[in-house]
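Student: Sharing a model prediction with you, sequence too.
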Amino acid sequence: MQRDRAEPNRLGSLLAGSLRWSTANRRRVSQVVAAALGLSVPALLGAVTGRLGMGLAASFGGLAMAGVGEGETPREQAASQGLTLILGGVAILFGAAVGRHGALLDLSVPLVALAAGVIGRISRPLAGATTRFMLFTVIATGMGESGGRPASLAALFVLGAALTAGLSMVLRPLDRLRGVVSSAFPGSSAPDRRRYTARQLLKRWFRGLAELDGWQYGARIALCLTAAEALDFFLPGRNAYWVGVTVVITLPREVPGDLARLLERALGTVFGVVIASLLLLWTIPVWLLVSVVALLAAARTILKEANYTAYAALMTPLVMLLLGFGRKVTVAIIAERLLATCLGCAVALTLGYLLWVNRRTRASGFPDG
């Protein structure tokens, strides 16, 4: 009986956690404004000039760059943005190329995700950069299947990312207005962390490769993406890439202990699909849709570390709006996308978490650097 009572209590605490807000969140007005402009301006220019596809490809660059380097010095921010720019461009180029040759998907994307997941354990910045690399690789496979040229998509992505990075640097004087944002979304600066040299980081990483823990996130994400590709044979409308997108968004890096985070991300992702579906089903003016993209981009940057549920709920419609902008969307397509989202959450929960939860894995303990 006590065990039966404990389960509802645990579920209740997990659901309550989805409403919890972090107070250790640093926000800069420059990042918020740059994210809004970096996503909306390319889309608007593309719509006005009749080259919407090109504008949206550049907007994805803004999406990748938004919030990168938050809380860092200008030099550190530039380094983080440069890494994101390079990895993002490679991700789009590779993903779009593979998407044009569907037979390669079954093996290449999970293998690349395995490598990215393992490399990401070197440091926190690399963990974030490689996760974005995996996300945009999977997104690009869908863009490639739609007929986009890999080199052109990658070039536009880099232009959009460079625009957002440049804006975030140029607008840094606006950070004096930080109190305005902080008053609306209370938070405090995260404590300073110890810095490590590249040699120390690599030494720790190589030592971790001798143990299964050093490979576990890469193996989990690769297994989940393999399952996503297998589901492509059964899903209508070839939505395998969206199962993969959902997996990358929802799957946390560590087990055990991150079930709450996984469920929060899954809840936010499903909710985000519903939001985007309602927006895409309506025929609304382009300027209004661009305004929604700008608003979501700004809010996502603010909520990035404050609440996983809200962050995922905004990240998902942003991706869906950019992919579905200007295309005819029906109830059937929305139903297929929602089914793919639920399957992605189920894959992340079962193959990415429950299958591994009984193993005694250590927390990543990422050093900074």
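Tutor: Received, thanks.

Student: buried stuff in stretch 85-102?
Tutor: 85, 87-100 (16 or more other CB atoms under 10 Å). C-beta: built from backbone N, CA, C; applies to glycine.

Student: What of stretch 250-267?
Tutor: 250-255, 258-267.

Student: And for stretch 61-76?
Tutor: Quick answer for stretch 61-76 (16+ other CB under 10 Å): 61-72.

Student: Looking at pLDDT only, which of those scores worst?
Tutor: Lowest pLDDT of the buried residues of stretch 61-76: Gly71, 67.

Student: returning to that earlier point: biggest separation within the buried residues of stretch 61-76, which pair?
Tutor: Maximum pairwise distance among these (CB to CB): 21.7 Å, between Gly61 and Gly71.

Student: Which residues does stretch 136-154 contact?
Tutor: 53-54, 57, 60, 64, 88-100, 102, 105, 109, 112-113, 157, 225, 238, 241-242, 244-245, 248, 319, 323 (CB atoms under 8 Å, 6 or more residues apart in numbering).

Student: mind checking the end-to-end distance for that stretch?
Tutor: 11 Å (CA to CA, to the nearest Å).

Student: what is the mean pLDDT for it?
Tutor: 84.

Student: What of stretch 217-235?
Tutor: 89.

Student: now it, how far from the centre of its chain.
Tutor: Centroid displacement of stretch 217-235 relative to its chain, using CA atoms, centre = their mean, to the nearest Å, is 17 Å.

Student: now swap in stretch 160-169 and tell me
Tutor: For stretch 160-169 - counting by CA atoms, centre = their mean - the centre lies 18 Å from the chain centre.

Student: Only the buried residues of it, if you could.
Tutor: Neighbour-count burial for stretch 160-169 flags 160-165, 167-168 (criterion: 16+ other CB under 10 Å).

Student: Skip the chain neighbours and tell me the closest residue to Gly88.
Tutor: Distances taken as CB to CB, 6 or more residues apart in numbering place Ala64 nearest to Gly88, at 4.4 Å, with adjacent residues excluded.

Student: tell me what the helix or strand hosting the one you found is packed against?
Tutor: Assigned by DSSP states H and E, Ala64 belongs to helix 52-65. If contacts are counted by 3 or more CB pairs under 8 Å, 6 or more residues apart in numbering; DSSP states H and E, helix 52-65 sits against helix 29-49, helix 74-99, helix 124-145, helix 150-170, helix 286-303, helix 308-324.

Student: For the following helix or strand past the last one, C-alpha coordinates in CSV please.
Tutor: If you walk from helix 308-324 toward the C-terminus, the next helix or strand you reach (DSSP H and E) is helix 331-349. Coordinates of the C-alpha atoms in helix 331-349 are reproduced here as CSV (Å, rounded to 0.1, in the frame of the first residue of the first chain):
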residue,chain,number,x,y,z
VAL,A,331,-5.3,18.2,-40.2
ALA,A,332,-3.9,14.9,-41.5
ILE,A,333,-0.3,16.3,-41.6
ILE,A,334,-0.7,17.7,-38.1
ALA,A,335,-2.0,14.3,-36.8
GLU,A,336,1.0,12.6,-38.4
ARG,A,337,3.4,15.1,-36.8
LEU,A,338,1.7,14.7,-33.4
LEU,A,339,2.0,10.9,-33.7
ALA,A,340,5.7,11.2,-34.6
THR,A,341,6.2,13.5,-31.6
CYS,A,342,4.6,11.0,-29.2
LEU,A,343,6.6,8.2,-30.6
GLY,A,344,9.8,10.2,-30.2
CYS,A,345,9.0,10.8,-26.6
ALA,A,346,8.3,7.1,-26.1
VAL,A,347,11.6,6.1,-27.8
ALA,A,348,13.5,8.6,-25.6
LEU,A,349,11.8,7.3,-22.4
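
Student: Sweet, I'm off.
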